[in-house]
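Asks: sequence and predicted structure, then a few things I'm wondering about:
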Amino acid sequence: MADDYLERIGKLIRDARQHRGWTQSQLAEALGTSQSAVNRIERGNQNISLEMIARIGEALDSEIVSLGYAGPMHLRVVGGRRLSGSIDVKTSKNACVALLCASLLNKGRTVLRRVARIEEVFRILEVLGSIGVRTRWINDGVDLEIVPPAELDLDAIDAEAARRTRSIIMFLGPLLHRVNRFKLPYAGGCDLGTRTVEPHMIALRRFGLDVTATEGIYHAEVQRSSPDRPIVLTERGDTVTENALLAAARHDGVTVIRNASSNYMVQDLCFFLEALGVQVEGIGTTTLTVHGVPTIDVDVDYSPSEDPVEAMSLLAAAVVTESELTIRRVPIEFMEIELAVLEEMGLNQDRSAEYPADNGRTRLVDLTVHPSKLEAPIDKIHPMPFPGLNIDNVPFFAAIAAVAQGKTLIHDWVYDNRAIYLTDLNRLGGRLQLLDPHRVLVEGPTRWRAAEMMCPPALRPAVVVLLGMMAAEGTSVLRNVYVINRGYEDLAERLNSVGAQIETFRDI
Ligand SMILES: CC(=O)N[C@H]1[C@@H](OP(=O)(O)OP(=O)(O)OC[C@H]2O[C@@H](n3ccc(=O)[nH]c3=O)[C@H](O)[C@@H]2O)O[C@H](CO)[C@@H](O)[C@@H]1O
Ligand SMILES: C=C(OP(=O)(O)O)C(=O)O
């Protein structure tokens, strides 16, 4: 961009900011950057991306600089490049959304450290903001502060934001302690086939919540009651376990939850509840005993842990690009089975000594992946609830199997649609055969070729396609990557920092 152009944009931004009555620091906070960066932008001394112009336009609600915010975001990938160096894993989407919902339990101020700046979190923040919860990014946009109002304004709920996430379902647990009657829009999220919320209703009914669903709205009525015996979950699902925990946290008494998920996000939520003064026994097991407290009013400061699925994604990026890459801050307990399978496939990797995550509980390692000659595994790849191979990590095995010698059977029994989207890799030269909606046979190795295509409407398969593009020589285009931004913060920029060449652009 020519310098005078930068200066002109800088002036427009300054005018729009002043028109809004904001200081540079306030704008910086809204953008998650520093005051000095805003100052440089306004003086035209900072190269500024279309992406940043779009975000400023959005923050200032200004037509003048909203030019770049016209359409969906796309990625242009120059593939065939080796990655090198090291990259940090960010905090997990799934813990962050659960903790945001959990903040509704607390009358006090909640601070969550190093929250991933991802679309899924933004949607929940929009919903929280619409019902009167004050949220703001602090410490240069790194941490989140959440301050609830005395009364929530549930009638004002931002239904559009709510419908774009599935996590909104986790409002039910906390809300049943605050209001006797409320409405919530249906939960949305990725298109992965049928994902019922029946297990949530079955668990929460025990606390006196009755929900009828009509025309895209859940109508909730609460006549608070005590579960008189252990709650047995009908599925060992993550968010259903979290919802039961959230309901139990402010239930005046002891609640036992059986067939609970002990997955990473559930553990993070348990640690957070403990910080709120709710004792939880059995963390990491399938029976959780919750000593609820009727009123929670504490100023709490908590650091959610790192994302094992992001760790798996970065590992898969290294494997398909035949790179040597160190992935730092890997929550090893939640990657062990994946790594054991990959070792059997021939992956050459080494790990640092373990060290604690900022929550003081989760164990992390730095993992270095070396270029390896991989063979297809003898047994099929299939997920199980933790401690099994993580359901969200299964799609990454499709990309890895594509570079391994031989045939790998991937069986995603969990989701109706997800395995189907993996066959998008065929557009990039992959040889994947869909045996039925849940099983794909991947034949490797692959001679990748560049292509232009739409993102599949599911987060992990979309990233798998991106990985294929990174492996393919030439320039590929991946269109409409909102679904990736739902779960990954600045993925393109971060991969570029270790040697990828991915450009983000928008239709203007
Ligand atoms: C915000 C969040 O944390 N999302 C995660 C959570 O979603 P969430 O907890 O919403 O997962 P679902 O309730 O949709 O469960 C996933 C699928 O597995 C099936 N199922 C699940 C458990 C079980 O014991 N038996 C069974 O059949 C469900 O019927 C469903 O089809 O868990 C999923 C499964 O780990 C992950 O993919 C999501 O990333
Ligand atoms: C399926 C996923 O998430 P969600 O439950 O948010 O749709 C995922 O993280 O891969």
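Replies: It's in. Ligands and ions are numbered 1, 2, ... in the order given.
Asks: can you tell me the closest non-neighbouring residue to the residue positioned nearest the centre of the chain?
Replies: Using C-alpha atoms, centre = their mean, the residue of the chain that lies closest to the mean C-alpha position is Lys93, 2.6 Å off. The spatial neighbour of Lys93 that comes closest, neighbours along the chain excluded (C-beta to C-beta, 6 or more residues apart in numbering), is Gly487 at 4.6 Å. Bear in mind the C-beta positions are built from the backbone N, C-alpha and C, glycine included.
Asks: measure that neighbour to Arg181 for me?
Replies: 33 Å (C-beta to C-beta, to the nearest Å).
Asks: so between the two, which is more surrounded?
Replies: Gly487 (26 against 9; other C-beta atoms under 10 Å).
Asks: may I have the phi/psi pair for that one?
Replies: Dihedral angles of Gly487 (phi, psi; degrees, to the nearest 10) stand at phi -120, psi -10.
Asks: can you check Asp252 too?
Replies: phi -80, psi 90.
Asks: residues near it, how many?
Replies: There are 11 residues near Asp252, going by other C-beta under 10 Å.
Asks: what's the closest residue in space to it that isn't next to it in sequence in contact with, if anything?
Replies: Closest residue to Asp252 apart from its sequence neighbours, by C-beta to C-beta, 6+ apart: Pro294 at 4.4 Å. The contact partners of Pro294, by C-beta atoms under 8 Å, 6 or more residues apart in numbering, come to 250-252.
Asks: same check, this time on Tyr264
Replies: 92, 94-95, 305, 307-308, 331, 333-334, 362, 386.
Asks: that one and Ile391: what is the separation?
Replies: 12 Å.
Asks: joint contacts of these two?
Replies: Joint contacts of Tyr264 and Ile391 (C-beta under 8 Å, 6+ apart) do not exist.
Asks: how about Val309, nearest residue that isn't a chain neighbour?
Replies: Asp392 (4.6 Å).
Asks: go on, Ala398?
Replies: Distances taken as C-beta to C-beta, 6+ apart place Leu422 nearest to Ala398, at 4.4 Å, with adjacent residues excluded.
Asks: which of the helices or strands spans that neighbour?
Replies: In this assignment (DSSP states H and E), Leu422 forms part of helix 418-422.
Asks: repeat for Glu120
Replies: Counting by DSSP H and E, Glu120 is part of helix 119-130.
Asks: report all helices and strands that that helix contacts.
Replies: Under the contact criterion of 3 or more C-beta pairs under 8 Å, 6 or more residues apart in numbering; DSSP states H and E, helix 119-130 touches helix 93-102, strand 134-138, helix 159-163.
Asks: show me where the stretch 1-150 of the chain has its helices.
Replies: Assigned by DSSP state H, counting those that start in this stretch, the stretch 1-150 of the chain shows helices spanning 3-20, 24-31, 35-42, 50-60, 93-102, 119-130.
Asks: which of these sits closest to Asn259?
Replies: Minimum separation from Asn259 across the helices of the stretch 1-150 of the chain (C-beta to C-beta) falls at helix 93-102, 18.2 Å.
Asks: now check the closest one, is it near ligand 1?
Replies: Yes. Helix 93-102 is in contact with ligand 1 by C-beta under 6 Å from any ligand atom, via 94, 97.
Asks: over to stretch 377-385?
Replies: Yes. Remark: stretch 377-385 sits within contact range of ligand 1 at Pro385, by C-beta under 6 Å from any ligand atom.
Asks: likewise stretch 155-173?
Replies: Yes. Stretch 155-173 lies within reach of ligand 1 by C-beta under 6 Å from any ligand atom, at 166-167.
Asks: tell me the buried residues in that stretch?
Replies: Neighbour counts over stretch 155-173 (16 or more other C-beta atoms under 10 Å) mark 157-159, 161-173 as buried.
Asks: repeat that for stretch 360-373.
Replies: Those would be 361-362, 364-369, 372, for stretch 360-373 by 16+ other C-beta under 10 Å.
Asks: do stretch 405-422 as well
Replies: 408-412, 414-415, 417-422.
Asks: next one: stretch 120-139
Replies: 120-121, 123-128, 130-131, 133, 135, 137.
Asks: what's the closest of those residues to Ser34?
Replies: Using C-beta to C-beta, the buried residues of stretch 120-139 come closest to Ser34 at Trp137, 12.0 Å.
Asks: and the closest one, bridged to which residues?
Replies: In this entry, Trp137 is beta-bridged to Leu144, by DSSP bridges.
Asks: from the rest of the structure, what touches stretch 356-364?
Replies: With C-beta under 8 Å, 6+ apart, stretch 356-364 has contacts from 113-114, 264, 267-268, 271, 302-306, 329-333, 354-355.
Asks: count of neighbours near Val298?
Replies: 15.
Asks: that one falls within a strand, correct?
Replies: No. Looking at Val298 with DSSP: H, G, I helix; E, B strand; the rest coil, it is coil, so not inside a strand.
Asks: please report how far the nearest residue to it once chain neighbours are set aside lies from ligand 1.
Replies: Distances taken as C-beta to C-beta, 6+ apart put Gly108 closest to Val298, at 4.7 Å, once the chain neighbours are dropped. Taking C-beta to the nearest ligand atom, to the nearest Å as the measure, Gly108 falls 24 Å from ligand 1.
Asks: mind listing what Gly108 touches?
Replies: Gly108 touches 296-300, counting by C-beta under 8 Å, 6+ apart.
Asks: same question for Gly32.
Replies: With the criterion set at C-beta under 8 Å, 6+ apart, Gly32 makes contact with 117, 137, 140-142.
Asks: filter those residues down to the buried ones.
Replies: 117, 137, 141.
Asks: and which of these is nearest ligand 2?
Replies: Distance to ligand 2 across the buried ones among the contacts of Gly32 (C-beta to the nearest ligand atom) is lowest for Arg117, with 16.0 Å.
Asks: would you mind splitting the chain into its domains for me?
Replies: 3-69, 75-90+306-506, 93-302 (automatic domain parsing).
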